[in-house]
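Enquirer: Attaching a predicted model along with its sequence, questions to come.
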Amino acid sequence: MTTLPSLWPLAGIAIVVIGFALRANPLAVVVAAAFGSGLGAGLSVPEVVAALGKAFHQNRYVSVPWITLPVIGLMERAGLQEQAAALIAQTKSATTSRILLIYLGFRQITAALGLTQIAGHAQTVRPLLAPMTEAAATRDNPAITDDGRNKVKAMAAATDNVGIFFGEDIFLAIASILLIKGFLESAGIIVQPLQLSVWAIPTALAAFAVHGGRLLRMKP
Amino acid sequence: MIGLPALYTLAGLVFGSWAVATLLDRQHTKRLLGACFWGLLAVEFLAGDALGDTGNGLLLLLLVALALLGAPGKGQAATTTIAERLASVSRHGNRLFLPALIMPGVALAGTFIFPLLPGLVDPKQVTLISLGLGALIATSVLMLWLRPPLVAPMQEGRRLAEGVGWAMILPQLLASLGALFTVAGVGEIVGALAPMAIPEGSRLAAVLAFTAGMAIFTIMMGNAFAAFPVMMGGIGLPVLVLGMGASPVVVGAVGMLAGFCGTLLSPMAANFNIVPAALLNLPDRYAVIRAQVATALPLWLFNTAMIWGFAFR
């Protein structure tokens, strides 16, 4: 029988769960969780501050994509969202379901080719996909409520996520495939990236079927 | 060689421009707080190397404190009216879509071209560099073509950034929490506890414990990459692969995808779930997660069934 390790470092996870359940400000929750786990593991307050600062500094690349906001704003200023909506309003065959279904397929296939950065929430969903689906929903149901519009916009964002998550693992050189290969290798099991990525295909097809089916049943 | 430092400088300048724009905006609700928020973020990107770990930590705590006090707030960023936008639409029509293709186009071209020019771009950062280059090219094209005021990129960027609000720094902060969990040894503890949840000898129970562990730990960490080594080390490898003879390829590949189902449900995966809700001005912070539940759960079941059905042949 193995002995139970000290459970105090898990305090951070408890704080995260409780914090999000209480809908507290996520920034405060995350900082509290960092202190919870850090102090629980025996670190001092200055040590937690330094560890957080070091990690925040090292993870700056996470915030780099924000540099695209000025471009998106410039395009919006010229009426990109309005043009996207106008184009869809004229095209009767472009229903909310079909637009999202085509985008889902496009996102899965391009992600499978390793092209994960050519679309995204800031680059494509806000300036193009959301206004297009909203325009189609409004055209097909003029009595749509604000709540209904928000549901359609949320589904546009969800479709981007499902597309990228269940497409990218088919690409050989994506981080997750390399992580699996590296983990197995450290345990003495040698596998090729191709073996792993082939096993991502059934789930990619299932994702298209499950999410696509939901999109087809969507009523604007 | 162009690498991350150049990008960090560019990002620092962008954040700094928002600080200036906020300071000059007399109708701003939180003028000083907002300017300090963007200013501190700019300092982190431009001079963070000189601050040291503790300095960066204090800067981060200050950023969070400002956010809790209401930063960055909302101002009156100069932009066009709906009428002006419609006039631009009737003048330019579908040509407005062309600039939207620049960033994806440069990302695509960079992915293929940069690896052919060794020494020019850090090979590990090709995607991010391409993104930055695409943003610069697209900005230049839009400025030359439509000739908006010179301050327009700064004002338009700030308008969108204020729409996202404090959620801007959440993804980077969550990544830092992940690092702290690693220092505290959270993963090892979960990995040590997880096998105790499995009844002896039941193949289905072991598979369920593995995929459920992947999904739940991913929901709590916001990242399947953090959950994978823990669950694979705790259950996948010792119990499924070594104990029951499952294929490591199937367990690893499909197990990771079971984790991705957890990402769809996690408020900790801010980049994918919380930031888009802010970008689309949705009143419910969890609206995107709600839209994903009915996709994530059936897919998780599918992945569980895949391992159960195909890993033991």
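Expert: That came through, no problem. Residues are numbered from 1 along each chain as shown, chains lettered A, B, ... in the order given.

Enquirer: Look up the closest residue to residue B:30, ignoring the ones flanking it.
Expert: residue B:73 (2.9 Å; Cβ to Cβ, 6 or more residues apart in numbering or on different chains). (Each C-beta comes from the backbone N, C-alpha and C, glycine too.)

Enquirer: The one you found and residue B:27 touch, don't they?
Expert: No. Residue B:73 lies out of contact with residue B:27 (Cβ atoms under 8 Å); the separation is 10.8 Å.

Enquirer: higher neighbour count, those two?
Expert: residue B:73 (21 against 9; other Cβ atoms under 10 Å in any protein chain shown).

Enquirer: List the buried residues for stretch B:287-295?
Expert: When burial is assessed from 16 or more other Cβ atoms under 10 Å in any protein chain shown, stretch B:287-295 yields the following buried residues: B:287-292, B:295.

Enquirer: and of these, the nearest to residue B:113?
Expert: residue B:288 (34.2 Å; Cβ to Cβ).

Enquirer: Double-check that closest one against residue A:160; I have them as touching.
Expert: No. Between residue B:288 and residue A:160 there is no contact under Cβ under 8 Å: 9.4 Å.

Enquirer: Residues that sit against both of those two, list them.
Expert: Both residue B:288 and residue A:160 are contacted by residue B:276, under the criterion Cβ atoms under 8 Å, 6 or more residues apart in numbering or on different chains.

Enquirer: of all of the stretch 101-250 of chain B, which residue lies closest to chain A?
Expert: Proximity of the stretch 101-250 of chain B to chain A (Cβ to the nearest Cβ) peaks at residue B:156, 2.6 Å away.

Enquirer: Residue A:111 against residue A:160, yeah?
Expert: No. Here residue A:111 lies out of contact with residue A:160, judged by Cβ under 8 Å, at a distance of 10.2 Å.

Enquirer: coming back round to it: give me every residue that touches the residue of the stretch 101-250 of chain B closest to chain A.
Expert: Contacts of residue B:156 (Cβ under 8 Å, 6+ apart): A:69-70, A:72-74, A:76-77, B:77, B:79.

Enquirer: what secondary structure does the closest residue to residue B:300 other than its chain neighbours sit in?
Expert: Distances taken as Cβ to Cβ, 6+ apart put residue B:261 closest to residue B:300, at 4.0 Å, once the chain neighbours are dropped. Following DSSP: H, G, I helix; E, B strand; the rest coil, the label given to residue B:261 is helix.

Enquirer: just checking, residue B:261 touches residue B:304?
Expert: No. If you go by Cβ under 8 Å, residue B:261 and residue B:304 don't touch, sitting 9.6 Å apart.

Enquirer: in which helix or strand would I find the residue nearest the centre of chain B?
Expert: Nearest to the geometric centre of chain B sits residue B:271, at 3.3 Å (Cα atoms, centre = their mean). Residue B:271 belongs to helix B:270-279 when assigned by DSSP states H and E.

Enquirer: Render the CA-only coordinates of that helix in PDB, please.
Expert: What follows is helix B:270-279, C-alpha atoms only, in PDB (Å, rounded to 0.1, in the frame of the first residue of the first chain):
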ATOM      1  CA  ALA B 270     -10.200  31.400 -21.300                       C
ATOM      2  CA  ASN B 271      -8.700  31.800 -24.800                       C
ATOM      3  CA  PHE B 272     -11.400  29.500 -26.300                       C
ATOM      4  CA  ASN B 273     -14.300  30.000 -24.000                       C
ATOM      5  CA  ILE B 274     -14.300  33.300 -22.000                       C
ATOM      6  CA  VAL B 275     -12.400  35.700 -24.400                       C
ATOM      7  CA  PRO B 276     -14.800  34.900 -27.300                       C
ATOM      8  CA  ALA B 277     -17.800  35.600 -25.200                       C
ATOM      9  CA  ALA B 278     -16.300  39.000 -24.400                       C
ATOM     10  CA  LEU B 279     -15.200  39.600 -28.100                       C
END
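
Enquirer: mind listing what residue A:29 touches?
Expert: By Cβ under 8 Å, 6+ apart, the contact set of residue A:29 is A:15-16, A:19-20.

Enquirer: rerun at 10 Å
Expert: A:12, A:15-20, A:22-23, B:173, B:177, B:267-268 (Cβ atoms under 10 Å, 6 or more residues apart in numbering or on different chains).

Enquirer: My reading is that it lies in a helix. Confirm?
Expert: Yes. Counting by three-state DSSP, residue A:29 is found in a helix.

Enquirer: mind checking the longest helix of chain A?
Expert: helix A:146-168 (DSSP state H).

Enquirer: just to revisit the earlier point, identify, from the contacts of residue A:29, the entry nearest to residue A:147.
Expert: Of the contacts of residue A:29, the one sitting nearest to residue A:147 (Cβ to Cβ) turns out to be residue A:23, at 19.2 Å.

Enquirer: What is the neighbour count of that closest one?
Expert: Applying other Cβ under 10 Å, we find 11 residues neighbouring residue A:23.

Enquirer: Now it: closest residue in space, sequence neighbours ignored.
Expert: Once flanking residues are discounted, residue A:23 sits nearest to residue B:285: 7.8 Å by Cβ to Cβ, 6+ apart.

Enquirer: Ends of stretch A:167-186, what's the gap?
Expert: 26 Å (Cα to Cα, to the nearest Å).

Enquirer: and it, which residues are buried?
Expert: In stretch A:167-186, counting by 16+ other Cβ under 10 Å, buried: A:167-171, A:174, A:176-177, A:179-181, A:183-184.

Enquirer: give me the low-pLDDT residue ranges for chain A?
Expert: Along chain A, the model assigns pLDDT under 70 to residues A:1-4, A:220.

Enquirer: repeat that for 80
Expert: Along chain A, the model assigns pLDDT under 80 to residues A:1-5, A:117, A:172-175, A:220.

Enquirer: Give me the domain ranges for it.
Expert: A:8-58, A:68-217 (automatic domain parsing).

Enquirer: got it, and chain B?
Expert: Split by automatic domain parsing, chain B gives B:4-166, B:185-310.

Enquirer: Nearest to residue A:216, out of those?
Expert: domain B:185-310 (13.0 Å).

Enquirer: returning to what we had before: is the residue nearest to residue B:30 part of a helix or strand, or is it coil?
Expert: Applying three-state DSSP: residue B:73 is coil.
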